[in-house]
Each structure stands twice: as structure tokens, then as C-alpha cells.
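Asks: The following comprises the amino acid sequence and a computationally predicted model.
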Amino acid sequence: MRIIGSCKTGMDVKGALDKVEEELNTELQGVPGKIVDMRANVEAGLGGAVVEIMILIDGADPANKFILGVNEKGISEEHALKRARDEMNKRLGSIDGGVLAGFYVKTLTTPVPGRVFSTILAAINEEGGRDLGTLSSEERRTRLQYILSLLGNDPKALNISRVAELFGTTRNVIYSDLERIGHR
């Protein structure tokens, strides 16, 4: 297990949220495992806004995962929340086969009448995982090490031709990977 996270400030919640979302989604692309939990906090005041998101990742299997965030303004709490909900549903509708791993909602009411902001965050694991052919050499070796640990660290239990096919590479590359991770 490991935790990754980000905390960003901005002139407003939308600006801070965009920075956090971009940073985390970039980092999540190279991290094996799935999101198992998410914690978040959104604050705003006269000095600007802060958005922080912490994500707990578990497992070594390749998986596409990402954070979605929306921040919408409304004239009342109900209006702002409806707008945020509608925008999040629109973004979720474009995802095929996703599983919700975490969720956060915060509505902030300003002292100015008619200025209410709702933020919704979602942590999503896509079903099916990443295409194994897109993994870096290091990620491929990490997966091989994990597979071997499940097989009692016996490389003879692997069908090298099939493993190479799944990873979109050659048998020679897989043999080289096995040597690099300590198996002959």
C-alpha cells in the first residue's frame, strides 16, 4: 500500500482543484494498483482557496485510475449542488466501466448573497486495467515480480511465450527482465 496526494492553492477553488486534479492524474498513470480510499478537503476565504486530496493505493496490478473534480457556482446551496451534480454526472457518463473508489462533497457559502460554490470529487478505477503493452520496463518488471511471488518465486511456472505476448514484447525481453529481478 502507498499514499499519494496533493495540496494546491489558488485564487479560487476551481483554480486549486484544476492543479490538484492534473498533478494527481499524471502521477496515478505510473502507479500500480487501485485506489481503495480517498480523503479530501476544500477550503476558501479572502486569501484564496486550498484543495487537498490524499489517495490510498493498494495492489500491484496495472489499473487505469483517476480523479474527477467539479466546482460549480449557484445562487443557493441547492442550486450550486445541482449544477455540480449535473456536471459530475456528465463527466461520469463518458466513462465506460468505472468503479467508484472514493467520493467527497463540499458546499461553501460566501458572505455575498447569491454566491455559493459546490465541489464534488470522485476517485475512479476503470475496469479491465491498463493495456500491458503500454507499461514501461520498470512497470513490467514490477508486474513480473508480483506474478512470481504468487507462483512461489518459481520462474519455471511461467509460460514465457504467453507472458511476452501479454506484455507486447519478445521472449528475450522477458528472459532479460527475469534476470534483472534476480531469477535465472
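Replies: Noted; the coordinates are in hand.
Asks: Please count neighbours and contacts with C-alpha atoms only from this point.
Replies: Noted.
Asks: what are the ranges of the helices in this structure?
Replies: 13-29, 77-93, 137-150, 160-167, 171-180 (DSSP state H).
Asks: what packs against the fourth one?
Replies: Put plainly, it is helix 160-167. Applying 3 or more Cα pairs under 8 Å, 6 or more residues apart in numbering; DSSP states H and E, one finds that helix 160-167 makes contact with helix 171-180.
Asks: Farthest from the middle of the protein: give me that residue.
Replies: residue 113 (36.0 Å; Cα atoms, centre = their mean).
Asks: Now tabulate the helices of the chain in CSV and tack on mean neighbour count, mean pLDDT and distance to residue 43.
Replies: Converted to CSV, those look like this (neighbours: other Cα atoms under 10 Å; pLDDT from 0 to 100; distance: least, Cα to Cα, whole Å):
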stretch, mean neighbour count, mean pLDDT, distance to residue 43
helix 13-29, 19, 95, 8
helix 77-93, 17, 95, 16
helix 137-150, 16, 82, 36
helix 160-167, 15, 85, 44
helix 171-180, 15, 88, 47
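Asks: list the contacts for the residue farthest from the centre of the chain?
Replies: By Cα atoms under 8 Å, 6 or more residues apart in numbering, the contact list for residue 113 reads residue 75.
Asks: Got phi/psi on it?
Replies: Per-residue torsions, residue 113: phi -60, psi 140 (degrees, to the nearest 10).
Asks: Going forward, count from 434.
Replies: Okay, using 434 as the starting number, the last item reads as residue 546.
Asks: for this structure, which residue is closest to the average position?
Replies: Central residue of the chain (Cα atoms, centre = their mean): residue 499, at 3.0 Å.
Asks: hmm, back to that, would you turn the helices of the chain into TSV with distance to residue 435?
Replies: TSV is the format used below for those (distance: least, Cα to Cα, whole Å):
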stretch	distance to residue 435
helix 446-462	12
helix 510-526	26
helix 570-583	15
helix 593-600	25
helix 604-613	24
